[in-house]
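>>> Take a look and give me a structure for this.
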Amino acid sequence: MWIVLMAESYDRLKKRAQNRRSDAEEAAKYIFDIPEDMLSDLSDDDDDNDPDFLSPEDLDDVDANTEPSDDYSVETPPSSHQQQPEPTASTGKSKKKLKVQEKFGWRKVEIKKVDLSWKGEPRQVPGILETPLKYFQKFFDDELLELIVEQSNLFALQTEGCNLCLTVEELKVFMSIILLLGVIKVPYYRMHWEAATRYPKISDKMGRQRFAKIKRFLHFNDNSKAKKSGEQGFDKLYKIRPVLGHIRSKFLEVTPEENHSIDEQMILSRGEAA
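Numbers count the residues shown, from 1 in each chain. Predicted coordinates:
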């Protein structure tokens, strides 16, 4: 309640001060109700005799006539075009670089019109749709499977000195099991061969130990010919480069169509945008 009364008193005093100046005695008496014998300490006589006292009129004159001193300098914010030093934070003997957040600004640019009309030949819908297996075999054909068989047998011989004896037909069974494992999920893949959780469509096609052995030696390129990091011709994707090159060539053979269906990203990546 007391704060509300003080606020109302302050508002009334402010309105009165706009019309005429109120001296210290009247203001103190109006707000705090100070006795008459204590108002002598608030007299303006002491201020008039004080050489360091400046009235509001004197302060306005000082601000208008005062020039900036050389004792201080005004710092201006750096321009966006100026190169700012990259800050570093030292921790003991090592220095760790801190990330500097870049600032971007909007600008008006005319948007170029792009012609999106279809210029290819019209494609007729086939009367008979092929099975998913046929579509899969267009990309993973026998040529690619023979390459995988050759490199897997070579890798087993280079590492363990054993003959894997992998064939194209056995590789097809192995790949079908891999696809089924992605659909029928269990805590670990060996459960498909266990007695309590046995899945005949997998366990009857290939034994568990044979599946694990092929999975161990599955390879796509010769490691002995790989370039090391820093050497000329080094390729980070060397181990899977034959598979990527073959599938890409098959993709380029597909005739472009006007309408496409784009699925979500299925391969894990570290990019910021999917």
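
>>> Surely T159 touches F217?
Yes: with contact taken as C-beta atoms under 8 Å, T159 and F217 are classed as touching, separated by 7.5 Å. (C-beta placed from N, C-alpha, C; glycine too.)

>>> who's more crowded, those two?
The residue with more neighbours, out of T159 and F217, is F217; 19 against 12, by other C-beta atoms under 10 Å.

>>> That one contacts G161, correct?
No: the pair F217 / G161 is not scored as a contact, 11.9 Å apart, by C-beta under 8 Å.

>>> What ranges does the protein have for its helices?
Counting by DSSP state H, the segments of the chain that form helices are 2-19, 24-32, 45-49, 56-65, 132-139, 142-159, 168-183, 200-203, 208-217, 241-252.

>>> So which bits of the shortest one are buried?
Of the residues in helix 200-203, those with enough neighbours to count as buried (16 or more other C-beta atoms under 10 Å) are 202-203.

>>> Kindly provide the whole-number mean pLDDT of it.
The predicted model assigns helix 200-203 a mean pLDDT of 93.

>>> next one: the last one
Mean pLDDT, computed over helix 241-252, is 94.

>>> which outside residues touch that helix?
Outside helix 241-252, the residues that touch it by C-beta atoms under 8 Å, 6 or more residues apart in numbering are 138-141, 143-144, 147-148, 151, 220-221, 235, 237.

>>> make it 7 Å
138-139, 144, 147, 220-221, 235, 237 (C-beta atoms under 7 Å, 6 or more residues apart in numbering).

>>> and what of stretch 208-226?
Residues external to stretch 208-226 that are found in contact with it (C-beta under 7 Å, 6+ apart): 148, 151-152, 154-156, 158, 164, 166, 174, 177, 190, 193, 238-243.

>>> Can you tell me which of those residues are buried?
If we count by 16+ other C-beta under 10 Å, the contacts of stretch 208-226 have these buried: 148, 151-152, 154-156, 164, 166, 174, 177, 193, 238, 242-243.

>>> from these, which is closest to K119?
Within these, the smallest distance to K119 is 32.7 Å, found for V243 (C-beta to C-beta).

>>> How is this protein partitioned into domains?
Split into domains by automatic domain parsing, the chain comes to 2-61, 132-252.

>>> Number of residues surrounding the residue nearest to I184 when sequence neighbours are not counted?
The shortest distance from I184 to any residue that is not its chain neighbour, by C-beta to C-beta, 6 or more residues apart in numbering, is 6.5 Å, and that residue is Y199. For Y199, the count of nearby residues is 16 (other C-beta under 10 Å).

>>> how near is Y199 to Q209?
In this structure, Y199 and Q209 are 17 Å apart, going by C-beta to C-beta, to the nearest Å.

>>> next one: K250
Using C-beta to C-beta, K250 is found at 34 Å from Q209.

>>> quick one, which of the two is more surrounded?
Each of K250 and Q209 had its neighbours counted (other C-beta under 10 Å), and the higher figure belongs to K250 (15 against 9).

>>> Just give me the neighbour total for G182.
G182 is surrounded by 7 other residues when neighbours are defined as other C-beta under 10 Å.

>>> what about it, distance to R107?
47 Å.

>>> coming back round to it: pick out the shakiest of the domains of the chain, pLDDT-wise.
Mean pLDDT values for these show the minimum at domain 2-61, a mean of 57.

>>> Can you get me a residue count around the residue nearest to T255 when sequence neighbours are not counted?
Of all residues beyond its chain neighbours, the one nearest T255 is R123 (6.6 Å), with distances taken as C-beta to C-beta, 6+ apart. Summarising burial for R123: neighbours were counted as other C-beta under 10 Å, giving 11.

>>> Which pLDDT value does the model give R123?
70.

>>> Having no further points to raise, I will conclude here.
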